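Novice: Next one to model:
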Amino acid sequence: MKTTPYSEYARLDVLHDLQRPRTGESAELSFIVTTQVMELLFGLLAHEWEQARTVLAEDDLDGALDVLRRGLHVQDVLVSSWDLLATMTPVEYARFRDELGAASGMQSSVFHRLERLLGTAKGTEPSLYDEALALLARRGVEGEPLKAWRVVYESRPDLVRLAELLLDVADRSNRWRQRHYTAVRRAMGAKPGTGGSAGLAWLKAALDRDAFPELWAVRGEL
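Specialist: Next comes the predicted model:
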């Protein structure tokens, strides 16, 4: 294959060499590509959220809003990525599932990085939400998170934009988990997941794990 400046810059020869199905089942290629696309998007989203966290810590509200908006588009593509697997039948999946062996999406280190940034998993660094609350405090809105967000909505229109963008982030995170749950339910039902995971049961429990819970709860108090 002839090398071009475009293929060299984007490392297309390497990229297209990464799809290596192990069976003759055509749906396996869709599964591999979808998995790889999501991993790339996870990395891009982590980059955006880490940048948003940094500019929030620098008290740059407008800069943070710009980065969070950019990240929303990445999340939208992540949610719609599940469409690539929407037509895969249980029979098709069963034809290559054994090839996954001990592999499981739960082993994605970048996905766990996103969970820590959201604050839905513990980490050693401040989460995106931690830095948002710290910015509120620096701007005179202190107290426990639910009370602080109520003050924002009732009297701080300059900070409502941040609240709503964070809720957009949380909403899209919920949509991705819902699509994940539905895709797994469609492909394999309630069977145990690969890699020893609980599969559908674990995914269903994850649906109730909201990011930024006080931003959801405050709606019942306004």
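
Novice: residue closest to the middle of this protein?
Specialist: Using CA atoms, centre = their mean, the residue of the chain that lies closest to the mean C-alpha position is S173, 5.4 Å off.

Novice: Just give the closest residue to that residue, not the sequence neighbours.
Specialist: The shortest distance from S173 to any residue that is not its chain neighbour, by CB to CB, 6 or more residues apart in numbering, is 5.2 Å, and that residue is A211. C-beta coordinates here come from the backbone N, C-alpha and C atoms, glycine included.

Novice: same deal with R113?
Specialist: The shortest distance from R113 to any residue other than its chain neighbours is 5.1 Å, reached at A46 (CB to CB, 6+ apart).

Novice: Do you know the pLDDT at that neighbour?
Specialist: In the predicted model, A46 carries a pLDDT score of 98.

Novice: secondary structure element for it?
Specialist: Under the assignment given by DSSP states H and E, the secondary-structure element containing A46 is helix 27-57.

Novice: Who are the packing partners of that helix?
Specialist: Secondary-structure packing of helix 27-57 (3 or more CB pairs under 8 Å, 6 or more residues apart in numbering; DSSP states H and E): helix 61-81, helix 90-97, helix 109-118, helix 128-138.

Novice: closest to R185 out of those?
Specialist: Closest approach to R185 among those is made by helix 90-97 (10.1 Å; CB to CB).

Novice: What are the phi and psi values at K191?
Specialist: Dihedral angles of K191 (phi, psi; degrees, to the nearest 10) stand at phi -60, psi 160.

Novice: How about the contacts made by the closest residue to it other than its chain neighbours?
Specialist: For K191, ignoring the flanking residues on the chain, the nearest one in space by CB to CB, 6+ apart is G199 at 6.1 Å. Shown here is G199, whose contacts under the criterion CB atoms under 8 Å, 6 or more residues apart in numbering are V184, M188, A190, K191, P192, G193.
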